[in-house]
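structure of the sequence below:
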Amino acid sequence: MPDLLFAPPTAEWHRLSPRYRTLRRLGVLLTWPWWVAGLAVLGWLFVALWVAIVIAVVGVLWIGWRWWRMGALVASWGYAKLADDLYVTRGLWFKRLTAVPYGRMQVVEVEAGPLDRAFKLATIKLVTASASTDATIPGLLPEEAARLRDRLTELGETRTSGL
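Just a heads-up that it's a prediction; the model follows:
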């Protein structure tokens, strides 16, 4: 029953590009080994060699788990376009579903950093009057991001309510 809380009514989820999983896994490999190596060196210098070995082993297991878990994390993201709202879902442990009425959207932003562009990906961010709205859709192919941007902008302009 809890999954019904995070399912859009009568709509199909659009999922992120598999390239986004690769990008996130690359992020794991570019950041976590440095932290593990640094902690292991500190453990060796200030405590003992066996502490450094324990930190290194636990760190390698942690990196492996993060690498493996990125597949499920990316698969948890999705969006669905309904007649009056855009639904965005994400999360593994803490699930989140955000429904953004088209008429309340003020700005549709498209972002792509250097790594995003290298992987041919983009992110759509929706800005509403509410500061707590967090409607972000990462890992979109550029063509899909452009279509979504144009469609959301069009729907936002035709359904502006009370702004």
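
by mean pLDDT, which helix or strand of this protein comes out lowest?
Within the chain, confidence by mean pLDDT, DSSP states H and E is lowest for strand 96-101 among all helices and strands, at a mean of 89.

could you give me the buried positions within it?
Of the residues in strand 96-101, those with enough neighbours to count as buried (16 or more other CB atoms under 10 Å) are Thr98, Val100. In this view, the C-beta of every residue, glycine as well, is placed from N, C-alpha and C.

note down every partner strand of it and its orientation.
Each strand pairing with strand 96-101, determined using DSSP bridges, is listed with its direction: strand 85-90 (antiparallel).

which stretches of this structure have low pLDDT?
By pLDDT under 70, the weakly predicted segments of the chain are 1-3, 7-10, 134, 160-163.

roughly how far does the residue nearest to the spatial centre of it sit from Phe46?
Compute the mean C-alpha point of the chain, and by CA atoms, centre = their mean the closest residue is Pro138, 5.2 Å away. To Phe46, Pro138 is 39 Å away according to CB to CB, to the nearest Å.

picking up where we left off before, hmm, who's touching the least confident helix or strand of the chain?
Outside strand 96-101, the residues within contact range by CB atoms under 8 Å, 6 or more residues apart in numbering are 5-6, 84-90, 126, 128, 133-135, 159, 161.

which residues of this protein fall in helices?
With DSSP state H as the definition, the chain shows helices at residue ranges 18-46, 49-76, 114-118, 142-158.

so which of those helices comes closest to Gln106?
Among the helices of the chain, helix 142-158 comes nearest to Gln106, with 7.7 Å by CB to CB.

good, wrapping up.
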